[in-house]
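[1] sequence and predicted model, in that order:
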Amino acid sequence: MTTQTLRPQRQVQKAQRRERKVLAEAILKEGAAQGAQAAAEMAAALALERAHLTDDELKDWQRDMEQRLKQIHEQPEQNLGFIEEAVARGCRESLRLLTERAAQAKANATPHQCPKHKIPLQREQVLGRSIDSRFGPLKIYRRYGWCEQCEAWHFPADLVLGLNKNSPASPYLQEVTALLNTKMPSEQAVEVASRFGLELSRCFIHREAHRQGLKAQDVRQAQLAQLDSWQQIQNLAAQAAGPATGPFTLVIEIDAWNIRERDDWGRTHQARQAALRQNKEAPSKWHWVYVATVFRLDHRAETASGRPIISQRGYVCTRLSIEDLMRQLYRQAIDCGLGQARDVLVIADGATWIWKAVKDRFPDARCRLDLYHADEHLWTVARELYGKDTPEARQWVEPLLKQLHQDKTATVIESLKDIAAQLKDKLQEKVQAQITYFDNNQNRIHYRAILAARKAVKKGTATAEQKIKATEPLGSGAIESTCRQYQCRFKRTGQFWSLEGDEALMCLETFWRNNRWHDLFPHAKPPAFANN
């Protein structure tokens, strides 16, 4: 190759090297400028002592707001709703700036010490962090350092501001995602959140709500740990809501319902086939959720139309086990006044596991079989014998119902035995099952006194004791409605859950129902009682 051929190539290469050098210098210069700007922003942020808007920012906000409202006033068809939307959008940036500066000022004022050992942190450094808030993204700089005793790095400001280690959500967004997800699926929550000015993704809502559910389980576990000593139980009983104004009965109702879970992460069919081949029990998609509600009898009343209502009550719901249910129920019963109660009344549908658990946790409680379940068991026999909704079925069952309502359980059982002796095969087995049901619950059938007290109240001849007795529930309607309310969220068409997912969300929903939401989100406590 000749010199004349090589010269143009060398010139091109030199030009390319000059361009790369110029570009590198520009990048370094821009990086240095950005670094200087970031350093200046960090220095200014760390110097903040209070949150405020500058005069120029206030004037810009005022001009923008006046322009927004002027445009609405020029449109006759735009009502108050448009004004509310315009004001909310116009204030968003100003509120974001105030929030960011207030958070920075609080971070700056946080003592630079170990949260656990309260000793100064070593090797101090500064790091910025982006936070998603109700008004938009925030940038906060925090000091952090090394604790020799913990042998770990700590960000004291994060703890003071209520920020999670691995989450960009502010405490407000933590609460909103948790509340939205307990009421509806994440896909629907996205649309609802957007109407309140929150642009949240489905993944963000699902992930953050699950994180808060795990936090709720930790808080619940800490509260249950208070049952580990008699002294702590006594302290809890003393802190129960308000002193008793008079003797009262504490009512407990217990039940269960099924939730569908995706066992083995979608491999249920294969696992079932493998279990059948090995003569083992096949896994099921359906699993028990244990539920209970507890309330004082003097908190039960009626509306003007006569519909019974309960003004205050506590809830328990868990997917874990019967033992977990009863431990949580005992803790909730203490909060509802177990220590001050004259007696405890437990109402349930007759399931054997319920009475065994009650005997273990509440050995002195009065137990009552739900009257409406008992009636239904007699109606089941009548339908088997004479057909559904036939005059013969009603004629046969009515005397037995009257005997049952008069607490003549032995007579009812003898009548069923007489019928069973005349039957054969499967029909006899069905009647025998009902005989066993009433025989097992014979000591829990106590309806006569309450029905008599209610009649006396209607006639106006009731004594003071009968007036109290008439308010006792005969059925477990409170727990039936509670199960239904939980199912409206957890038993929708096409829904599958995992144990980790459903338990976390149930825990959140139960904190909300028990008016203990501020145990998870302190800022949600009414201002008159909040600490900050």
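    Yep, that arrived.

[2] going forward, measure contacts and count neighbours with C-alpha atoms only.
    Noted.

[3] what helices or strands is whichever strand or helix holds I233 leaning on?
    Taking DSSP states H and E as the definition, I233 sits inside helix 230-238. Helix 230-238 is packed against helix 322-335, with contacts defined by 3 or more CA pairs under 8 Å, 6 or more residues apart in numbering; DSSP states H and E.

[4] touching the helix or strand following the helix it packs on from outside, list them.
    Next helix or strand after helix 322-335 toward the C-terminus (DSSP H and E): strand 343-348. By CA atoms under 8 Å, 6 or more residues apart in numbering, the residues outside strand 343-348 that reach it are 248-255, 338, 354, 358, 362, 364-370, 474-476.

[5] just the ones of the residues you listed in strands?
    249-255, 366-369 (DSSP state E).

[6] what's the farthest-apart pair in the residues you listed?
    T249 and D255 (19.9 Å; CA to CA).

[7] report the contact partners of N441.
    Neighbouring residues of N441 by CA under 8 Å, 6+ apart: 350, 369.

[8] now do 10 Å
    Contacts for N441 (CA atoms under 10 Å, 6 or more residues apart in numbering) come out as 349-352, 355, 367-369, 374, 409.

[9] follow-up on the earlier one: of T249 and D255, which one has the most company?
    Neighbour count, other CA atoms under 10 Å: between T249 and D255, D255 has more, with 23 against 20.

[10] which non-adjacent residue is nearest that one?
    In space, D255 comes closest to V291 once its chain neighbours are excluded; the distance is 5.5 Å by CA to CA, 6 or more residues apart in numbering.

[11] wait, a strand at the one you found?
    Yes. Judged by DSSP: H, G, I helix; E, B strand; the rest coil, V291 forms part of a strand.

[12] that one reaches A478, doesn't it?
    No. Under the criterion of CA atoms under 10 Å, V291 makes no contact with A478, lying 11.1 Å away.

[13] before we move on, back to that, pLDDT for the ones in strands among the contacts of strand 343-348 - can I get that in a markdown table?
    Output for the ones in strands among the contacts of strand 343-348, formatted as a markdown table (pLDDT from 0 to 100):
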| residue | pLDDT |
| --- | --- |
| T249 | 89 |
| L250 | 92 |
| V251 | 94 |
| I252 | 94 |
| E253 | 94 |
| I254 | 95 |
| D255 | 94 |
| R366 | 92 |
| C367 | 92 |
| R368 | 93 |
| L369 | 92 |
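
[14] from those, which is closest to F496?
    Of all the ones in strands among the contacts of strand 343-348, D255 has the smallest distance to F496: 21.6 Å, by CA to CA.

[15] quick one, helices of the stretch 51-200 of the chain?
    Applying DSSP state H, counting those that start in this stretch to the stretch 51-200 of the chain gives helices spanning 55-73, 80-109, 156-161, 171-183, 186-195.

[16] please identify the most buried of these.
    helix 171-183 (a mean of 21; mean count of other CA atoms under 10 Å).

[17] N164: neighbour count?
    The tally of other residues near N164 (other CA under 10 Å) stands at 15.

[18] quick check: mean pLDDT across stretch 298-318?
    Mean per-residue pLDDT for stretch 298-318: 85.

[19] ok, back up a step: so which of V291 and A478 has more stuff around it?
    Under the criterion of other CA under 10 Å, the comparison of V291 against A478 puts V291 first, with 24 against 21.

[20] quick one: the more buried one from N514, how far?
    Separation of V291 from N514 (CA to CA, to the nearest Å): 13 Å.

[21] now swap in D407 and tell me
    To N514, D407 is 36 Å away according to CA to CA.

[22] so for the two, which residue has more residues nearby?
    Counting neighbours by other CA under 10 Å for D407 and for N514 shows that D407 has the greater number, 19 against 15.

[23] OK, contacts around that one?
    With contact set as CA under 10 Å, 6+ apart, D407 has these partners: 401, 442-449.

[24] would you list the buried entries among those residues?
    Among those, the ones that count as buried by 16 or more other CA atoms under 10 Å are 401, 442, 444-447.

[25] which helix runs longest in this protein?
    Longest helix in the chain by number of residues (criterion: DSSP state H): helix 3-46.

[26] for the record, mean pLDDT for it?
    In this model, helix 3-46 has a mean pLDDT of 73.

[27] can you name every helix or strand that that helix contacts?
    Judged by 3 or more CA pairs under 10 Å, 6 or more residues apart in numbering; DSSP states H and E, helix 3-46 is in contact with helix 80-109, strand 122-133, strand 136-147.

[28] what pairs with the last one, parallel or antiparallel?
    The reference is to strand 136-147. strand 122-133 (antiparallel), strand 152-154 (antiparallel) (DSSP bridges).

[29] now it against helix 80-109, angle please.
    In terms of direction (axes from the mean of the first three to the mean of the last three CA atoms, to 10 degrees), strand 136-147 departs from helix 80-109 by 20 degrees.
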